[in-house]
Each structure stands twice: as C-alpha cells, then as structure tokens.
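Chemist: I need the structure of the sequence given here:
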Amino acid sequence: MNIEHVIKSTVPLELPKKTIINLLYTNNIVKEELARYFKTHDLSMEQYNVLRILRGQKGKPANRSTLQERMINKMSNTTRLVDKLIIKELVTRATCENNRRKIEIIITEKGLNLMATMDSEITEKEEQLTNGLTNEELETLNNLLNKIRN
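Modeler: Prediction:
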C-alpha cells in the first residue's frame, strides 16, 4: 500500500515529500513494534541501546560521553537511562580510580544474561520487520539510507 493511500492524501505528493513522509511513517511503525517487544522485558529502546553499547565494550567500562556518542537517539538523557538501569541491577556505576571526575559504567552479569536471552528474539523481530525484502533489497535500502544521512 503506498504512503498516499495510508495517510489518505487526496493529492499526489511530490517525490521528496513522499519519501520523507514514508521514512517517518515507517520509522514510527518499526519503533512501535520494537517498543512493544522491549516493554515485555521492562526496557525502553534507549535502555536496550545502552545495554547493547556496554556489552560491546567486552567488560571494559564506558563513560557517559562514550554512551552518548554511540547512542542511536542522540537526544536521550544518558544519566537518567543509566540511573534506571542501575535500579534494575543491569549496570553499575563507579568513580574511576585514575580520574575521580570520571564516572565508569559497566554492564552487570544480570544485564549480560538479559541481553543473551533477548538476542535471538531481537533477531527474529528484525527478520519479521524486514521479511518483505530480499537481501539485495536490504543492501540497496541500507545504501540509500546512508546516502540520505550523508
């Protein structure tokens, strides 16, 4: 179903406008679907993103600025996200021994276990969301999205 039909536009949209509306509309669908999934694990997408980044550190701590620069949503309040993950015992925060002004954040064993549990489910969810596209189409879509961003 094309985007004009979805949004019930009575006039044809110019191609750039149609593309942007289509991207935004599709982004919302994907975000809503993922948000429903993360809610079953008592997480937000942003909290999951922090856990994903910390797991990628392979046991090395990260600071708030490292998390912020790697976040998908740059507008996220990293301090608030980390505080909520600490309450859930999924991460810990400590002062760096070498630099008392630096705060180090590390994923806990509980956080790693949760991520391991979620891995196959996330992969399945991603495959469900993209199952209408071939691998070649996915490559093309990624290349096109990279071009828009750059």
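Chemist: next up, the contacts around the spatially most central residue of the chain.
Modeler: The residue lying closest to the centre of the chain (CA atoms, centre = their mean) is N49, at 4.9 Å. By CB atoms under 8 Å, 6 or more residues apart in numbering, the contact list for N49 reads M71, I72, N73, S76. Heads up, the C-betas are built off the backbone N, CA and C, glycines and all.
Chemist: so, low pLDDT: which residues of the chain?
Modeler: The model of the chain has pLDDT under 70 over residues 96.
Chemist: quick one, helices of it?
Modeler: Using DSSP state H, the helices of the chain run over 3-6, 15-39, 45-56, 64-70, 78-87, 109-130, 135-149.
Chemist: what's around E89, how many residues?
Modeler: Number of residues near E89 (other CB atoms under 10 Å) recorded here: 12.
Chemist: what does the one 4 residues further on give?
Modeler: Applying other CB under 10 Å, we find 16 residues neighbouring R93.
Chemist: hmm, it is touching I107, no?
Modeler: No - at 11.2 Å, R93 and I107 do not qualify as touching, with contact defined as CB atoms under 8 Å.
Chemist: distance of P12 from M45?
Modeler: Going from P12 to M45 by CB to CB, to the nearest Å gives 34 Å.
Chemist: those two - which one has more neighbours?
Modeler: M45 (15 against 9).
Chemist: for I87, see how far away that one is.
Modeler: Going from M45 to I87 by CB to CB gives 18 Å.
Chemist: over to E121?
Modeler: Taking CB to CB, one finds E121 at 23 Å from I87.
Chemist: swap in N98?
Modeler: 27 Å.
Chemist: same question, L81
Modeler: Counting by CB to CB, the gap from L81 to I87 is 11 Å.
Chemist: pick out whichever of those two has more residues nearby.
Modeler: Between L81 and I87, counting by other CB under 10 Å, L81 is the more crowded of the two (23 against 9).
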